[in-house]
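Student: generate a structure from the sequence data that follows.
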Amino acid sequence: MSIPQLTTEQLQAARAAATQARRVRAELKAKVRTGALSLSEALDEAAGDDVLAHVKVVDLLKSLPRVGEKRATAVMEKLDIAPNRRIRGLGRHQVAGLKAEFK
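Tutor: Residues are numbered from 1 along each chain as shown. Reported below is the predicted structural model:
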């Protein structure tokens, strides 16, 4: 089975959609970084949005103030969240754990 060949228009549309998705995800992380959104609010927003559900958990945690690679990794290990996990892949106990950790 081979990859279907896309027309130039389809390629351009796909690129535009991917760029828009990256922009939306970056906006979410920027809001968390500036404090406009709490982690809890960001997780709730991502739960209802297919594009935001693709944000990596570690990237979202690192966008929080005073959370770097070490703390993000430690929290994820404590809550048994895989390093490559995306928001969509979190269980309800993991979400609850993250919300409790970063009140």
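
Student: any idea how far Gly91 is from the closest residue in space to Val32 that isn't next to it in sequence?
Tutor: The shortest distance from Val32 to any residue other than its chain neighbours is 4.7 Å, reached at Ser63 (C-beta to C-beta, 6 or more residues apart in numbering). Backbone N, C-alpha and C define where each C-beta goes, glycine included. Between Ser63 and Gly91 the distance is 22 Å, computed by C-beta to C-beta, to the nearest Å.

Student: out of these two, name the residue with the larger neighbour count.
Tutor: Of the pair Ser63 and Gly91, Ser63 is the one with more neighbours under other C-beta atoms under 10 Å, namely 21 against 12.

Student: I'd say the more buried one and Ala36 touch.
Tutor: No. Ser63 sits out of contact with Ala36 when judged by C-beta atoms under 8 Å, with a separation of 11.4 Å.

Student: related to what we said a few turns ago, so how far is His93 from the residue nearest to Val32?
Tutor: With C-beta to C-beta as the criterion, Ser63 and His93 are 23 Å apart.

Student: what does Ala14 give?
Tutor: Plainly put, Ala14 is 36 Å away from His93 if you go by C-beta to C-beta.
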